[in-house]
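Colleague: based on what follows, work out the 3D shape:
(2 chains)
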Amino acid sequence: MTAVPAILSTIIFFGSLVLIFTEKLHRSITAIAGAALMVGLGRFFGFYSEEAALEAVDFNTLGLLLGMMILVAMLEPTGFFQYLAVLAARSSKGKPMRLFILLGVITTVLSMFLDNVTTVVLIAPVTILICEIMGISSLPFLVSEALLSNTGGVATLVGDPPNVLIGSAAGLSFNDFLVYSMPIVLVAWAGALFLLRYLFRKELSKRPRGVKAIMRLNPAETLNEPRAARRILIVLGGAVLFFFLHNALRVSPSLVALSAAAVALVWVKPDIQEVLKRIEWSVLIFFGALFVMVGGLEGAGVMESIVGLLERASNIPPILFGVGLIWVVAVLSAIVDNVPITIALIPVIKGLGETGMNITPLWWALAFGAGFGGSGTIIGSTANIIVTTLSEKTRTPITSKLWNKRGLPVMLVTCAIASILYVIIYNWF
Amino acid sequence: MNISSCMKQNVVSIPATASIREAAALLVKKHVGLLPIVDQDDKPIGVVGLRDLLSLELPDFVRFIEDLDFVHDFGAVETTRPSAKTLDKSIKTLMKDAITVEEDCGLLRAYALMLQHNLHDILVVSKKGKLIGVASRVDIGASILSTWPKAEK
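Modeller: Below you'll find the model as predicted:
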């Protein structure tokens, strides 16, 4: 490996991370600029090419994300998410603690199968509405929804973008996640819920004033297009079924997701322009550009040298190495977006695998760290940022100080639970 | 015809030193929808309207819900009042930029500005920038309509 390409590509990648972290430039703009610079300089110095850049893009990840985004984009205007929240509000009979648990469970289950960000974007506004009608602060609910969706998303292959990336890179199937990740996540999730109940006990014990108004909410009226909602849910259910089988059928999860999107589009026949407007293109572009950038790092041999460094440190027992990875990734994910971290670490772990190390447990460590770490700070995950922005419009805005007292403990507890269980079941990985 | 022919000349305004509470009281007393905020020289530095004051009562969350028809009863929202601390804040915290026209401004130009900025009332200032009047959409619109040709007998 020659020094110049390695230094150049490292500067481009870490420069981009700094820009993303400091929010000086939108992350998608940063990623496009970084990717173009990487390919341009790569061509000039001979460490990267257009063909190599295309090969570096993981289209399985992009296809899976796009397919799920299309399904959610179709489900969004039907009012289904409002329906669930209103149903929860009525079943809570105006008891804040019961509402807290119900909304927490709904958010978690949704974020296991849909993107966390989408789940929170759709549930948070109705949550604020319900809390305002009841006359209680929406703050505990919003904070918990973000934290529980961060936690719940780790459970499945499709729950969180880092999982999609890890599953695609490591060849882990939907069922692998159900067997190895789900049980650990469920315990960590229960821990998070109990902790949040305790931390917010004061706010949740207030007596609401608007219970009568809550009971007058009619869930049926929230569904704008019940027929479309039913059809999309049937397709989503079918997609989940095929996710279970994708390994046995030897089809990629992205084919399942895109086929489901195609079936739903043909069956419901929505206004395609409206659907495409709701797709988060900036996220897909961010992913694509990051793949290209990390491909450049690999081309310049940076990953090999990192692997070399880690190999020397691999006198550490593998269990400790895995637990260490959980915490290092968690701390990094709390301060920077977990997607670039995951994309950058995937080639490193693959490289470690080539040295003969058993890397299967490391993939899970990466997933837990990337997923649970995002809870730690107010900017740790997009879900956190969304609930914070929405809460600024309410009487009780979420502050960074408050997040450190509520979110940070949740990150520490979920990471601790994951670490303990990781050690216990290490030999089964 | 220009705007000075149809504006109301006795404008209710409030100094920039006033509190939100004082502004609200003046709106109630004079039964108007818009208060210009003026400096010592009577020059408008901003406006505060009913909508700005009511935003304290009905926060923006309503706008995040696409369809509110299913909510039949606003419950606690109906009886939640802004805190005393909020009401003691300076009116400047709610102030919006004042859109003004000079006294010789044409009626259709004034109307077009109001449509563009979504205003119900527009402030009229003298050449020296002093606040001399306020015209509502109805004042301007009725004035324009009155110039339309009458039916021939």
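Colleague: for the rest of this, base every contact and every neighbour count on C-alpha atoms.
Modeller: Noted.
Colleague: so which elements touch the worst-scoring helix or strand of chain B on mean pLDDT?
Modeller: None of the helices or strands of chain B scores lower by mean pLDDT, DSSP states H and E than helix B:61-64, at a mean of 72. When contacts are defined as 3 or more C-alpha pairs under 8 Å, 6 or more residues apart in numbering or on different chains; DSSP states H and E, helix B:61-64 sits against helix A:116-134.
Colleague: in the helix or strand following the helix it packs on, which residues are buried?
Modeller: Sequence-wise, the next helix or strand downstream of helix A:116-134 (DSSP states H and E) is helix A:139-152. Of the residues in helix A:139-152, A:139-152 count as buried by neighbour count, 16 or more other C-alpha atoms under 10 Å in any protein chain shown.
Colleague: touching chain B at all, helix A:139-152?
Modeller: No - interface with chain B: helix A:139-152 contributes nothing (C-alpha under 8 Å from any C-alpha of the partner chain), its closest point being 13.0 Å away.
Colleague: which helix or strand contains the residue in the stretch 251-400 of chain A positioned nearest to chain B?
Modeller: Across the stretch 251-400 of chain A, no residue is closer to chain B than residue A:393, which sits at 5.6 Å (C-alpha to the nearest C-alpha). For residue A:393, there is no enclosing helix or strand under DSSP H and E.
Colleague: that one and residue B:95, how far apart?
Modeller: 17 Å (C-alpha to C-alpha, to the nearest Å).
Colleague: who has more neighbours out of those two?
Modeller: residue B:95 (20 against 14; other C-alpha atoms under 10 Å in any protein chain shown).
Colleague: where do the strands sit along chain B?
Modeller: With DSSP state E as the criterion, chain B has strands at B:14-15, B:34-38, B:44-49, B:100-102, B:121-125, B:131-136.
Colleague: on that earlier part again, so what does the residue of the stretch 251-400 of chain A closest to chain B look like in phi/psi?
Modeller: phi -90, psi 0 (degrees, to the nearest 10).
Colleague: of all the strands of chain B, which lies closest to chain A?
Modeller: Comparing those by C-alpha to the nearest C-alpha, strand B:44-49 comes nearest, at 18.9 Å.
Colleague: so what's the gap between that closest one and the chain middle?
Modeller: Chain-centre distance of strand B:44-49: 8 Å, with C-alpha atoms, centre = their mean, to the nearest Å.
Colleague: cool, stretch A:82-100 as well?
Modeller: With C-alpha atoms, centre = their mean, you get 25 Å for stretch A:82-100.
Colleague: run through who's touching it.
Modeller: With contacts defined as C-alpha atoms under 8 Å, 6 or more residues apart in numbering or on different chains, stretch A:82-100 is touched by A:102-103, A:106, A:122-123, A:126-127, A:130, A:134, A:141, A:197, A:204-208, A:210-211, A:214-215, A:217-220, A:222-223.
Colleague: try stretch A:381-398
Modeller: For stretch A:381-398, using C-alpha under 8 Å, 6+ apart, the contacting residues are A:116-117, A:120-121, A:124-125, A:128, A:137-139, A:142-143, A:146-147, A:149-150, A:333-334, A:337-338, A:374-375, A:378-379, A:399, B:59-61.
Colleague: stretch A:421-428 too?
Modeller: So stretch A:421-428 is contacted by A:184, A:319, A:323, A:361, A:365 (C-alpha under 8 Å, 6+ apart).
Colleague: can I get it in PDB, CA atoms only?
Modeller: Output in PDB follows, covering the C-alpha atoms of stretch A:421-428 (Å, rounded to 0.1, in the frame of the first residue of the first chain):
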ATOM      1  CA  LEU A 421     -26.600 -11.700  27.100                       C
ATOM      2  CA  TYR A 422     -23.900 -11.600  24.400                       C
ATOM      3  CA  VAL A 423     -21.500 -13.200  26.800                       C
ATOM      4  CA  ILE A 424     -24.000 -15.800  27.900                       C
ATOM      5  CA  ILE A 425     -25.000 -17.000  24.500                       C
ATOM      6  CA  TYR A 426     -21.700 -16.300  22.800                       C
ATOM      7  CA  ASN A 427     -21.100 -20.000  22.000                       C
ATOM      8  CA  TRP A 428     -24.400 -20.300  20.200                       C
END
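Colleague: that concludes my questions; thank you for your assistance.
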